[in-house]
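Visitor: need the 3D shape of this:
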Amino acid sequence: MTRSALVVGATGIQGSAIARQLVEQGWALHGLSRTPGAQPGVSPVAADLLDPAALATALHGIAPTHVFLTSWLRMATEAENIRVNAAMVRNLFDALRPAGSVRHAALVTGLKETQTPFREEQGRLEVDNFYYAQEDELFAAAGQDGFTWSVHRPHTVIGKAVGNAMNMGTTLAVYATICRETGRPFRFPGSAAQWNGLTDMTDARQLAAQVIWAADTPAARNEAFNIVNGDIFRWSWMWPRLAEWFGIAAEGFDGAPRPLEAQMQDDAPLWAGIAARHGLVEADIGRLASAWHTDADLGRPIEVVTDMSKSRRLGFTGYVATDQGLFDLFEELRADRLIP
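Guide: Predicted coordinates for the structure are as follows:
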């Protein structure tokens, strides 16, 4: 049967990587976002997941066999995160239900943080988490409409997207650029646990490969998977490598966290000047850097090691070296004139 996909959040870090690989593999593809951009091979769908009537109109006549859901909204409280993000998933499947076409839906959430290594079989934590609300809406729709599902839980995702709320790679690129342009020290902003402990990350290309693999693998249906690159590292090793790429000196952890949100809080005019001087295409630092999210990741009090045994046993063999993933991102940002 012909496979057609709907990627929700198609312009984000995760969604754009999934869309790119689907196009390369010959899928018919629609990409839904509130403000679609031009993406080769993707038919854009402009819609707000919180407006059920307009969403139903936008999706009328579109009958995807596969849905890849990567979209979420950050709210002021976790209670609001739960209410809003659950409604987005529910509204999506309500709008798709009349077509009756969906055979499989994949939801991208995030890691469940408890004792390391993080394993897929660990139960839900006794905390409020909008990921769980999204999953529950997915499971309910799958039960009602008879499609299969998969859930994918990345760690911090490396990839390119402008205007994304969780974007460590681009945030670090902007920070390093500012340090190079001003002579500021390139200080590690996080915790002793992250500087000294083991951690991992998820390249968006690796995430996309697993999501599509699960859609094509019968044994992977109705399963939840962790997804990281396959290597582990310490920031004490990675930080000097990033500094070297940008041609600056690295300053390691000095005993006290120095959050980027505080370091970069007054940098909007500075970045606008850098953008003008170098002819960059994005002068708004808020569209590139998400310091709060990078601080949350680099400030964790525990190491982060993620187990991928389930998908490995089922045949997923993808691997990306994390340092190379970051360097590839920096090259792409430079080629697209987002950093000098």
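Visitor: count the neighbours of residue 95 for me.
Guide: Residues lying near residue 95 (other C-beta atoms under 10 Å) number 22. Just so you know, the C-beta spots here come from the backbone N, C-alpha and C atoms, and that holds for glycine as well.
Visitor: how much space between it and residue 48?
Guide: Between residue 95 and residue 48 the distance is 11 Å, computed by C-beta to C-beta, to the nearest Å.
Visitor: ditto for residue 203
Guide: Residue 203 is 29 Å from residue 48, where distance means C-beta to C-beta.
Visitor: quick one: which of the two has more around it?
Guide: residue 203 (28 against 14).
Visitor: can you map out the strands along the stretch 201-340 of the chain?
Guide: Taking DSSP state E, counting those that start in this stretch, the strands of the stretch 201-340 of the chain run over residues 202-203, 223-227, 250-251.
Visitor: nearest to residue 183, of the ones you listed?
Guide: Of all those, it is strand 250-251 that lies closest to residue 183, at 12.2 Å by C-beta to C-beta.
Visitor: elements contacting the closest one?
Guide: Applying 3 or more C-beta pairs under 8 Å, 6 or more residues apart in numbering; DSSP states H and E, we find strand 250-251 packed against strand 186-187, helix 235-246.
Visitor: avg pLDDT for the first one?
Guide: Confidence over strand 186-187, taken as the mean pLDDT, stands at 96.
Visitor: okay, and the common contacts of residue 95 and residue 48?
Guide: Common contacts of residue 95 and residue 48, defined by C-beta atoms under 8 Å, 6 or more residues apart in numbering, comprise residue 55.
Visitor: surely residue 232 touches residue 198?
Guide: Yes. The pair residue 232 and residue 198 qualifies as a contact (C-beta atoms under 8 Å) at a distance of 4.9 Å.
Visitor: what residues do those two have in common as contacts?
Guide: Common neighbours of residue 232 and residue 198, counting by C-beta under 8 Å, 6+ apart, are residue 305.
Visitor: returning to what we had before: can I get the strands of the stretch 201-340 of the chain in JSON lines including distance to residue 39 and mean pLDDT?
Guide: Below are the strands of the stretch 201-340 of the chain laid out as JSON lines (distance: least, C-beta to C-beta, whole Å; pLDDT from 0 to 100):
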{"stretch": "strand 202-203", "distance to residue 39": "19", "mean pLDDT": "97"}
{"stretch": "strand 223-227", "distance to residue 39": "22", "mean pLDDT": "97"}
{"stretch": "strand 250-251", "distance to residue 39": "36", "mean pLDDT": "96"}
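Visitor: any low-confidence regions in the protein?
Guide: Along the chain, segments meeting pLDDT under 70 span 1, 112-114, 165.
Visitor: 80 instead?
Guide: Along the chain, the model assigns pLDDT under 80 to residues 1-2, 112-116, 121-126, 164-166.
Visitor: domain-wise, how is it divided?
Guide: For the chain, the TED database gives the domain ranges 4-154, 158-201+232-304+320-336.
Visitor: out of the helices and strands packed on strand 250-251, nearest to residue 151?
Guide: helix 235-246 (28.0 Å).
Visitor: now the helices for the stretch 51-200 of the chain?
Guide: Under the criterion DSSP state H, counting those that start in this stretch, helices of the stretch 51-200 of the chain are mapped to 52-59, 78-96, 130-145, 168-182, 192-196.
Visitor: angle of the third one against strand 223-227?
Guide: In this case it means helix 130-145. Relative orientation of helix 130-145 versus strand 223-227 (axes from the mean of the first three to the mean of the last three C-alpha atoms, to 10 degrees): 140 degrees.
Visitor: could you check how far residue 67 is from residue 125?
Guide: 27 Å.
Visitor: ok, residue 151 next?
Guide: For residue 151, the distance to residue 125 (C-beta to C-beta) stands at 15 Å.
Visitor: neighbour count for the two, which is higher?
Guide: Each of residue 151 and residue 125 has its neighbours counted (other C-beta under 10 Å); residue 151 has more, 22 against 11.
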